[in-house]
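Visitor: quick one: sequence and predicted model below, then my questions.
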Amino acid sequence: MTAITLIHVGDFREGYFREAEEEYRKRLSAYCNYKTVCIPEERVSDEASEAVIRKALAAEAVKIRAAIPPHHAKVALCVEGKPMSSEQFAAFLGEKTLTGGICFLIGSSHGLDETLKKECDLRLSVSQMTFPHRIARILLAEQIYRGFTILAGKRYHK
C-alpha cells in the first residue's frame, strides 16, 4: 500500500481539527498508509528579525529532513507553489505512488526553509488565499482523499 507522510511544524490545539484529520485518516486507510509527523516549532518573537526567522527555519529544516522517509517524493506546501485542480493533483498522486511514497511538508507560521523547498520535487499551493497551517493540514488530507477517489473512479468527486 502506498505510503503518504505529512510532516508538519506545530500541532493542533483545537480538538475539532484533530477530529477532522482523524476522519480523513480513516477514509484514506482504504487507499494508502497515511501518517503524520509533528516537528516542534522553533520559538521566535513576533518582532524577530529576518535573520532570526531564517535561523529558526533552518533549525526546523534539519528536523524535517531527518523525518522524511527514504524514496519518497517531497512536496512543499507554500504560497508560491503551483496551484493544481483536484484532477491534476490526482494525476500527480497516481504518478508518484507508482514509484514510491509521497511526503508532504507544511512549515510553521513563518513557512519552510528556502533550501528545503529547493530540495522538493514540487512546491504546491492549496490556494491563493492564506490559511492557518492547521487548516492547510485538513485541506491537504481532504484533497489526498479526493485524489484517490478520482483515481478509483468513485462518486465522491463531483
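Guide: The structure has been received and is ready for your questions. Treat the numbers as computed from the prediction; the structure is a model and nothing was measured. Residues are numbered from 1 along each chain as shown.

Visitor: going forward, measure contacts between C-alpha atoms and count neighbours the same way
Guide: Noted.

Visitor: show me what the worst-scoring helix or strand of the chain on mean pLDDT is packed up against.
Guide: Ranked by mean pLDDT, DSSP states H and E, the weakest helix or strand in the chain is helix 86-99, scoring a mean of 91. Applying 3 or more C-alpha pairs under 8 Å, 6 or more residues apart in numbering; DSSP states H and E, one finds that helix 86-99 contacts helix 133-151.

Visitor: what angle do the helix it packs on and helix 86-99 make?
Guide: 80 degrees (axes from the mean of the first three to the mean of the last three C-alpha atoms, to 10 degrees).

Visitor: what about helix 133-151, average pLDDT?
Guide: Mean pLDDT, computed over helix 133-151, is 94.

Visitor: so for it, what gets flagged as buried?
Guide: For helix 133-151, a neighbour-count test (16 or more other C-alpha atoms under 10 Å) marks 133-134, 136-150 as buried.

Visitor: residue 145 and residue 27 touch, don't they?
Guide: Yes: if you go by C-alpha atoms under 8 Å, residue 145 and residue 27 touch, sitting 7.1 Å apart.

Visitor: distance of the residue nearest to residue 100 when sequence neighbours are not counted from residue 53?
Guide: Take residue 100 and drop its neighbours on the chain: the residue closest to it by C-alpha to C-alpha, 6 or more residues apart in numbering is residue 72, 5.7 Å away. Residue 72 sits 28 Å away from residue 53, going by C-alpha to C-alpha, to the nearest Å.

Visitor: ok, residue 47 next?
Guide: For residue 47, the distance to residue 53 - C-alpha to C-alpha - is 10 Å.

Visitor: neighbour count winner among the two?
Guide: Neighbour tally, residue 47 and residue 53, criterion other C-alpha atoms under 10 Å: the higher count belongs to residue 53, 20 against 8.
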